[in-house]
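> Give the three-dimensional model of this entry:
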Amino acid sequence: MKFNDMKYEKLEVEDIIEKISSLNEKFNKAETKDEVLAVYKEYDEYSKYVQSMYHIAYIRNTIDTTDQYYSEQKEYWNNTFPLIQEASQKFEESLLNSKFRKDLELEWGNIMFLNMELSQKAFSPEIVPMLQEENKLTAEYQKLMASFQVEFDGKTLTMPQLFAYSQSPDKDIRKSAVEAISSWMNDRKLELDRIFDSLVKVRTEIAKELGYESFTQVGYYRMNRNSYDEKMVKRFREGVVKHIVPLTIKLKEQHAERIGVEKITAYDTFFLYPQGNPKPKGTPEEILAHGKRIYEELSEETKEFINFMIENDLFDVLSKPGKAVGGYCAEIPIYNAPFIFANFNGTVSDVNVLTHEVGHAFADYTSKNIYPTALRRYSFDIAEIHSMAMEFLTWPWMEGFFGEETETYYEMHLASALEMIPYGTMVDEFQHHIYEKPDITIDERNTLWLELEAKYRPWLHNEGIPFYEDGRLWQRQTHIYTSPFYYIDYCLSQIIALSFWALSQKSYSDAWEKYLRLTRLAGTRTFVDLIENADLPSPFVPDNLKLITDVAVEWLDKK
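Now for the predicted structure:
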């Protein structure tokens, strides 16, 4: 079914709670394993329907944040979901305490029970009003960022459209573009501070109500950290500082020399080559058409998937006023339909976001027959392996996007992947400090960001750009506001994605088959189990990161 034909139904929260509660009562009265399985199947199907209605509303709201009806629906769901969560938690509690639990674990495995236990630790009925407030604040941030419009080059531009100018070979143009973004953000710094202060406060209150010292533990439970903890993440960060940061310093020295500057500034960051960065050839429609060709040729599985996506209009990729920033993949489970949202701006990011989000969507589509649906739900660290590895596994088709600039694209993509890891690790450490000391002042918070910049990105100079110079660059990072502790998932997954890239340089077919097996497992394994089963290096062993950097350095030195 085409996305525009998918019917949206506003579900009354009282009806949802009543339905889940009645299923819970029915589940607790079940006297045989078969009766329990039947009730759970009914619960599973109903949960898919509720989630589908939410995702349809969410997608339509982000496509046009000025649409009053879907803005109201998004706000309704933000208030409704904590109440639904309360009812769902009671059902899951019954499942966890069921006398048939061992039988169910034999039927389904134990990981969904492990994840339910984590979910239980991050929720209680007492925090429902706080969750509603948190949702309200994140929606407020998203709406504020979506309102970005500035006059530039004789046009009214959104942030993704203006970002394209930050890659211009003309230094004055890219400097003006960065200054325009900085100025817009700076004019709203008080609002951005107010929203974040309120988020830190309410998240800390949630943690205290649940009995934890800080929100950090709640954040880990929310992210389904079911196979590693804060100490292991800290070891990973130490490995990044030891092995990845020195390599990125070298790469940025080469970057500065290549474009003829003494130091890399905020307006040089995305201008990588004196002749200009490689750009995809053709219109957005032509880019999508080549994307379709890639997946038709890659494998029978990807061919079936991409034709389903195209035939059902499951892409919205053009940047336009009122559209939310960023890119994502969301699933509408009752139709087994992933949906890809992006903001094309005529730069290399169009190709990267297309292949990245297709990685998510393909994994969703591949897991459509896994039951229970909870086993299709992998943690974000696993999800980002799907997307980031797909970016590299589509390299053989990049000539169709970049022509004679293909080799330059390869170099740019690999270097960018490596440089992203220190940035993402910095975001993670920033959040750990924030929630460990939630009462620090605005100035102390911004100073902390600058200190971490010096640790993880010492090559970057922000002088003369007030918003960045003041240590406020973090306020552009949506995840810090909306999805605390998410960003480290990108970094962990990037290491695994680079492992797939390294393998593909030796044997593409082996890399693809290993990737396909990994996606088919969906959420039936933990992150640590998944990479062990795939015989991939653990990112929690700091010196394993050197294995990746050594291969990358060898490849880059040949260029």
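
> so residue 329 makes contact with residue 357?
Yes. Taking contacts as CB atoms under 8 Å, residue 329 lies within contact range of residue 357: 4.6 Å. From N, CA and C alone the C-beta is placed, and that goes for glycine too.

> Return every residue with contacts to both of those two.
When contacts are counted by CB atoms under 8 Å, 6 or more residues apart in numbering, residue 329 and residue 357 are jointly contacted by 340, 341, 387.

> Among those residues, which lie within strands?
Among the shared contacts of residue 329 and residue 357, the subset assigned to strands under DSSP state E consists of 340, 341.

> a markdown table for the shared contacts of residue 329 and residue 357, including pLDDT, distance to residue 323 and neighbour count?
Below are those laid out as a markdown table (pLDDT from 0 to 100; distance: CB to CB, whole Å; neighbours: other CB atoms under 10 Å):
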| residue | pLDDT | distance to residue 323 | neighbour count |
| --- | --- | --- | --- |
| 340 | 97 | 14 | 21 |
| 341 | 96 | 9 | 21 |
| 387 | 96 | 21 | 23 |
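
> quick check, nearest of the shared contacts of residue 329 and residue 357 to residue 22?
Within the shared contacts of residue 329 and residue 357, proximity to residue 22 (CB to CB) peaks at residue 341, which comes in at 35.1 Å.

> Tally up the residues packed near residue 251, please.
As a burial measure, the neighbour count of residue 251 was computed by other CB atoms under 10 Å and equals 20.

> Ok, residue 75 next?
Around residue 75 there are 16 other residues, counting by other CB under 10 Å.

> So it lies in a helix, does it not?
Yes. Assigned with DSSP: H, G, I helix; E, B strand; the rest coil, residue 75 falls within a helix.

> Provide a list of residues in contact with it.
Contact partners of residue 75, counting by CB under 8 Å, 6+ apart, are 136, 139.

> let's see it at 10 Å
57, 61, 135, 136, 139, 143 (CB atoms under 10 Å, 6 or more residues apart in numbering).

> ok, now residue 140?
With contact set as CB under 10 Å, 6+ apart, residue 140 has these partners: 191, 194, 195, 198, 199, 481.

> where do the strands sit along this protein?
With strands called from DSSP E, the chain shows them at 150-152, 155-157, 264-265, 315-318, 328-332, 337-344, 460-461.

> Which of the ones you listed sits closest to residue 276?
If we rank the strands of the chain by CB to CB, the stretch that ends up nearest is strand 264-265, at 16.8 Å.

> Residue 469 touches residue 461, doesn't it?
Yes. Residue 469 sits in contact with residue 461 when judged by CB atoms under 10 Å, with a separation of 9.4 Å.

> Report the separation between the closest residue to residue 175 other than its chain neighbours and residue 178.
Once flanking residues are discounted, residue 175 sits nearest to residue 267: 4.3 Å by CB to CB, 6 or more residues apart in numbering. Per CB to CB, to the nearest Å, residue 267 is found 4 Å from residue 178.

> what is in contact with these two at once?
The contact lists of residue 267 and residue 178 share 165, 166, 462, 464, 465, 468, where a contact means CB under 10 Å, 6+ apart.

> For these, pick the one with the most neighbours.
By neighbour count, taken as other CB under 10 Å, the most surrounded of these turns out to be residue 468 (25 neighbours).

> thinking again about what came up before, farthest-separated two in the contacts of residue 140?
Spatial extent of the contacts of residue 140 (CB to CB) is set by the pair 191 and 199 at 12.7 Å.

> So between those two, which is more surrounded?
Set side by side, residue 191 and residue 199 show unequal neighbour counts under other CB under 10 Å, the larger going to residue 199 at 22 against 12.

> Looks like that one contacts residue 219 (just checking).
No. In this structure, residue 199 sits apart from residue 219 without contact. The criterion is CB under 10 Å, and the distance is 11.9 Å.

> And the shared contacts of residue 329 and residue 357, which is closest to residue 231?
Out of the shared contacts of residue 329 and residue 357, the one with the shortest distance to residue 231 is residue 387. That distance is 26.8 Å, counting by CB to CB.

> ok, how many other residues are close to residue 34?
10.

> I'd like to know how far it sits from residue 425.
Computed as CB to CB, the residue 34 to residue 425 distance reads 49 Å.

> which non-adjacent residue is nearest residue 296?
residue 303 (4.6 Å).

> what about that neighbour, how many neighbours?
A total of 14 residues lie near residue 303 under the criterion other CB under 10 Å.
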